[in-house]
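Asker: Pasted the sequence and its predicted model underneath.
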Amino acid sequence: MISPDAARNVVGIIGNVISFGLFLSPVPTFWRICKKKDVEEFKADPYLATLLNCMLWVFYGIPVVHPNSILVVTINGIGLVVEGAYLIIFFLYSPNKKRLRMMAVLGVELVFMVAVILGVLLGAHTHEKRSMIVGILCVFFGSIMYFSPLTIMGKVIKTKSVEYMPFFLSLVCFLNGVCWTAYALIRFDIYVTIPNGLGAIFGAFQLILYACYYRTTPKKTKSAADKDNVELPSVVSGPGAANTGSVVSVTVER
């Protein structure tokens, strides 16, 4: 019989694969930016938010804060690299005004992380206290990111059209939330369960909306579709991890 720890590791590895795929979902957008050498109307906000989320979860997963959470560190470490690459590309092809704003936000995020790290390591002296402080921050920021798809879901209901909500991305977000919720429940971790449970619920709602409004969505020609882009907020979550998990807002083309 498979042990709980072994089952947890298997589920976590599957979750890592799914989360990695979500981290890569904006690649077509950045390929477009590189070809045009222009960020057009795309915004860096989702990637800046995901970067902060990944930093928090990497800190949460290190042994001095929350032992036995290597899968938290791995997926969010990958997320840091991927989001960093996106932001470098965005910086290279942005006008000066957007560059200055990006640098200001990055500066605030780094100062915030330094304050969190020093405060936790110097002010909390047990794993339980450190996990609680960092976990609450992760849940707070991750949950905020999980509420971002509500705008798109409201648009789907209002227009009775799912053209702004790609089915595959909604499905993967749902599976991602389910996978990491299962991971968190095998060895109960409330800080992993809350944001990923929200991710599974919102993913399920998106799939239900897709089933309800798919047939009423007007078909667009390829040329018309190529003219438009939409930023679809979604969240990438790791093993309690990137609520960029997750909670990743990701920019996609439609």
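Answerer: Now that the structure is in, tell me what you want to look at. Residues are numbered from 1 along each chain as shown.
Asker: With Ala182 as the reference, measure out to the residue of the chain positioned farthest from its centre.
Answerer: Distance from the C-alpha centroid of the chain, by Cα atoms, centre = their mean, peaks at Met1 (34.0 Å). For Met1, the distance to Ala182 under the criterion Cβ to Cβ, to the nearest Å works out to 18 Å. (Each C-beta comes from the backbone N, C-alpha and C, glycine too.)
Asker: Tell me which helix or strand Asp5 sits in.
Answerer: Assigned by DSSP states H and E, Asp5 falls within helix 4-23.
Asker: mind listing what's buried in whichever helix or strand comes after that helix?
Answerer: Once the chain leaves helix 4-23, the next helix or strand it forms, by DSSP H and E, is helix 27-36. Taking 16 or more other Cβ atoms under 10 Å as the neighbour-count basis, helix 27-36 is seen to contain the buried residues Thr29, Phe30, Ile33.
Asker: Of those, which is the nearest to Leu87?
Answerer: Top of the list for closeness to Leu87, among these and by Cβ to Cβ, is Phe30 at 10.2 Å.
Asker: burial count for the nearest residue to that closest one once chain neighbours are set aside?
Answerer: Computed as Cβ to Cβ, 6 or more residues apart in numbering, the closest residue to Phe30 that is not its neighbour in sequence is Ile89, at 5.2 Å. Residue neighbour count, defined by other Cβ atoms under 10 Å, stands at 17 for Ile89.
Asker: surely Ile89 meets Lys35?
Answerer: No - Ile89 lies out of contact with Lys35 (Cβ atoms under 8 Å); the separation is 11.4 Å.
Asker: Relative to Tyr47, how far out is Phe23?
Answerer: Applying Cβ to Cβ to Phe23 and Tyr47 gives a distance of 10 Å.
Asker: These two: which is more packed in?
Answerer: Taking Phe23 and Tyr47 together and counting by other Cβ under 10 Å, Phe23 has the greater number of neighbours (28 against 25).
Asker: Let me know the pLDDT of that one.
Answerer: According to the predicted model, the pLDDT of Phe23 comes to 90.
Asker: That one and Val120: what is the separation?
Answerer: Per Cβ to Cβ, Phe23 is found 26 Å from Val120.
Asker: Gly135 too?
Answerer: Relative to Val120, Gly135 is positioned 11 Å away (criterion: Cβ to Cβ).
Asker: Backbone dihedrals for Ser25, both of them.
Answerer: The phi and psi values for Ser25, taken as degrees, to the nearest 10, are phi -60, psi -30.
Asker: Would you check that it makes contact with Leu171?
Answerer: No - under the contact definition of Cβ under 8 Å, Ser25 does not touch Leu171, with a separation of 12.0 Å.
Asker: Compare those two and say which is more crowded by neighbours.
Answerer: Ser25 (20 against 14).
Asker: Break down the stretch 101-250 of the chain into its strands, ranges please.
Answerer: According to DSSP state E, counting those that start in this stretch, the stretch 101-250 of the chain carries its strands in the segments 229-230, 233-235, 247-249.
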